[in-house]
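In: Provided below for reference: sequence and predicted model.
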Amino acid sequence: MNALPPRTSRIMHRGAVPPPIAVGGHGVWLVEQGGREILDASGGAAVSCLGHGHPRVIEAIKRQAETLAYAHTGFFSSEPAEALAENLVGHEPGGLAAVYFVSGGSEAVEAALKLARQYVLEIGQPRRTHFIARRQSYHGNTLGALSAGGNAWRREPYAPLLSPAFSHVSPPLAYHEQRPGEDEAGFVARLAAELEAEFQRLGPDTVAAFVAETVGGATAGCVTAPAGYYRAMREVCDRHGALLILDEVMCGMGRTGTLHAWEQEGVSPDIQTVAKGLGGGYQPIGAVLVSRKVRDAIAAGTGAFQHGHTYLAHPTACAAALAVQTVLREENLLANVVAMGERLEQGLVERFGNHRHVGDIRGRGLFRAIELVADRGGKAAFEPGHKLHLRIKQEAFARGLACYPSGGTADGVRGDHVLLAPPFIASPAEIDLIVERLGEAV
Ligand code: PMP
């Protein structure tokens, strides 16, 4: 446990007890007050893709702060913002052709939802006010993003949120949702039929978009969809003229081994959100990537997206994100994500494959999770209320390992996970140490 005495603090922290203070970081290591080093196995929350103290990112921030720290976007664009936008969508990946910058993930989701609503107005379909999302999902903590999320315990204190604009269908989480004897194709067909039924229930011409995390993260523990799932969901959306919004705030920007997780799914979104790894933890930044179809409809209609934030497209944030992108490319880090991701998976399978209380090991690239259960056979959570992942976080922290506790539902059945999302620069020895320390903690 933390060797330093408990503190008081004026900050309204996330937990009842103020956390220890981080004072430094280098590579995959964080340093807390007192000098103890902690292996950052979660990259914060899948944020620190280049680790801590990367000289090229630091240099880019310094240079930009000296040149131009801020210019309001009501008056100006800036060189780093233009360069970053060009870098992200200049080659129009999957038909994504324009960027709207924000300061983080929740803001990106809010902007994506509003963009979809503005789009349906522009094309003369104002009845499309509904969004269909998925249970056990997380899209952020602002009111709109929380309404989109299907995380029961986070939603509960703020109910009824922005209902009835949002409804939820089943996640593509094979471990819990796939029925005994059902093959993958049958599972996908059933999920697509459920989405179709939800369109019919709401009225197909009232749905603006289907919203999903390409690989589910914070509340579902790295849910990779079965093959063909996104193509099937896209088909349903296309049939009814609804948009596909993919939230890649957590799983995007290289975390699963390709820059965008959807590249591995055979579909591309109409609107996509990114954040976390975009700034690599060096600056708060998020973005909405917008397809040519949506951009052109808005350009031909109102002419502009009717939305704005004071800090959007902040020059030092854009400069940092641009440097992160450059390092990813020049240091060929996505190859390391794939290689270290496989090593991590193998380590987890060796360590936990037969563990009584580990029901599932899942994920992709350097985005992996274990699901904790009372008994491997039963799949029920270890204890109702899902506090075990918090206990493991504590036990791991005491052993010098920061891992991300991920909890989801309030049904007492599922929702206890430990998520691992180390920086892309992790070495084989560091990956092995993550598994070793997590093994001790569990
Ligand atoms: N969407 C997803 C998929 C996320 O994982 C998160 C954060 N965990 C958010 C949105 C919200 O991002 P932020 O915390 O930066 O507001």
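Out: All right, it came through fine.
In: Single out the residue in this structure that lies closest to the ligand.
Out: With CB to the nearest ligand atom, the shortest gap between the chain and the ligand falls at residue 105, namely 2.0 Å. From N, CA and C alone the C-beta is placed, and that goes for glycine too.
In: which bits of the stretch 251-400 of the chain sit near the ligand?
Out: Neighbours of the ligand within the stretch 251-400 of the chain, by CB under 6 Å from any ligand atom: residue 275.
In: In the stretch 251-400 of the chain, what residue spans correspond to helices?
Out: 292-300, 315-330, 333-352, 388-398 (DSSP state H, counting those that start in this stretch).
In: Domain-wise, how is this structure divided?
Out: Structural domains assigned to the chain are 22-54+332-441, 58-330, following automatic domain parsing.
In: all strands in the stretch 101-250 of the chain, in order from the N-terminus.
Out: 130-134, 166-169, 207-213, 243-247 (DSSP state E, counting those that start in this stretch).
In: okay, residue 425: pLDDT?
Out: Residue 425 is assigned 98 on the pLDDT scale.
In: hang on, I meant residue 108
Out: Reading off the model, residue 108 has pLDDT 98.
In: Does it touch residue 287 like I think?
Out: Yes - counting by CB atoms under 8 Å, residue 108 does reach residue 287; the two are 6.3 Å apart.
In: overlap in contacts of those two?
Out: By CB atoms under 8 Å, 6 or more residues apart in numbering, residue 108 and residue 287 have these common neighbours: 102, 273, 274, 275.
In: just to revisit the earlier point, for the residue of the chain closest to the ligand, give me its contacts.
Out: So residue 105 contacts 140, 145, 249, 250, 273, 275, 276, 286 (CB under 8 Å, 6+ apart).
In: If we use 6 Å, what do you get?
Out: Contacts for residue 105 (CB atoms under 6 Å, 6 or more residues apart in numbering) come out as 140, 249, 275, 286.
In: neighbour-wise, which of these leads?
Out: Of all the contacts of residue 105, residue 249 has the most neighbours under the rule other CB atoms under 10 Å, reaching 31 neighbours.
In: Please name the residues that touch it.
Out: 105, 273, 275, 276.
In: right, and the pair among those with maximum separation?
Out: Across the contacts of residue 249, no pair lies farther apart than 273 and 276, at 10.2 Å, counting by CB to CB.
In: Which one's more surrounded, the two?
Out: residue 273 (33 against 29).
In: Can you tell me the closest non-neighbouring residue to that one?
Out: Distances taken as CB to CB, 6 or more residues apart in numbering place residue 108 nearest to residue 273, at 3.9 Å, with adjacent residues excluded.
In: That neighbour against residue 102, yeah?
Out: Yes - here residue 108 reaches residue 102: they are 5.1 Å apart, a contact under CB atoms under 6 Å.
In: Pick out whichever of those two has more residues nearby.
Out: Between residue 108 and residue 102, counting by other CB under 10 Å, residue 108 is the more crowded of the two (31 against 28).
In: tell me the contacts of the more buried one?
Out: Applying CB under 6 Å, 6+ apart to residue 108 gives the contacts 102, 273, 275, 286, 288.
In: how about CSV for those, with pLDDT and distance to residue 434 added?
Out: Below are the contacts of residue 108 laid out as CSV (pLDDT from 0 to 100; distance: CB to CB, whole Å):
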residue, pLDDT, distance to residue 434
102, 98, 31
273, 98, 28
275, 98, 24
286, 98, 27
288, 98, 32
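In: So, low pLDDT: which residues of the stretch 101-250 of the chain?
Out: Along the stretch 101-250 of the chain, the model assigns pLDDT under 70 to no residue.
In: could you list every residue that touches the nearest residue to residue 145 once chain neighbours are set aside?
Out: Leaving out its chain neighbours, the residue that sits closest to residue 145 by CB to CB, 6+ apart is residue 109, at 4.1 Å. Applying CB under 6 Å, 6+ apart, we find residue 109 in contact with 139, 140, 145, 273.
In: can you count the residues close to the third one?
Out: What that stands for is residue 145. There are 24 residues near residue 145, going by other CB under 10 Å.
In: Now the phi/psi pair for the residue nearest to the spatial centre of the chain, please.
Out: Centroid-nearest residue in the chain, with CA atoms, centre = their mean: residue 250, separated by 1.8 Å. Per-residue torsions, residue 250: phi -100, psi -40 (degrees, to the nearest 10).
In: pretty sure residue 359 contacts residue 373?
Out: Yes - applying CB under 6 Å as the test, residue 359 and residue 373 come out as touching, 3.7 Å apart.
In: what do these two both touch?
Out: Counting by CB under 6 Å, 6+ apart, the shared contacts of residue 359 and residue 373 are residue 379.
In: what's in contact with stretch 432-442?
Out: Applying CB under 6 Å, 6+ apart, the contact partners of stretch 432-442 are 41, 347, 351, 392, 395, 396, 399, 401.
In: swap in stretch 21-31?
Out: If you take CB under 6 Å, 6+ apart as the criterion, stretch 21-31 is touched by 32, 33, 37, 38, 40, 51, 52, 53, 422, 423, 426, 430.
In: what about residue 174, distance to residue 360?
Out: In this structure, residue 174 and residue 360 are 9 Å apart, going by CB to CB, to the nearest Å.
In: Which of these two has more residues huddled nearby?
Out: Using other CB under 10 Å as the criterion, residue 174 and residue 360 rank with residue 360 on top: 21 against 17.
In: close enough to count as contact, that one and residue 175?
Out: Yes - between residue 360 and residue 175 a contact is recorded at 4.3 Å, counting by CB under 6 Å.
In: which parts of the stretch 51-200 of the chain sit against the ligand?
Out: So far as CB under 6 Å from any ligand atom goes, the stretch 51-200 of the chain lies against the ligand at 104, 105, 106, 109, 138, 139, 140.
In: Wait, residue 110 touches residue 146, no?
Out: No - in this structure residue 110 lies outside contact range of residue 146 using CB under 6 Å: 10.2 Å.
In: What backbone torsions are found at the residue lying closest to residue 93 once chain neighbours are set aside?
Out: Of all residues not flanking residue 93 in the chain, residue 260 sits nearest, at 6.7 Å (CB to CB, 6+ apart). Residue 260 has phi and psi values of phi -110, psi 140 when expressed as degrees, to the nearest 10.
In: Can you get me a residue count around residue 260?
Out: 24.
In: do the same with residue 201
Out: If we define neighbours as other CB under 10 Å, then residue 201 has 10 of them.
In: Give me the distance between it and residue 170.
Out: 14 Å.
In: Just list whatever residues bridge to residue 368.
Out: residue 363, residue 420 (DSSP bridges).
In: hang on, it packs against residue 342?
Out: No - between residue 368 and residue 342 there is no contact under CB under 6 Å: 10.3 Å.
In: Many thanks, we can stop here.
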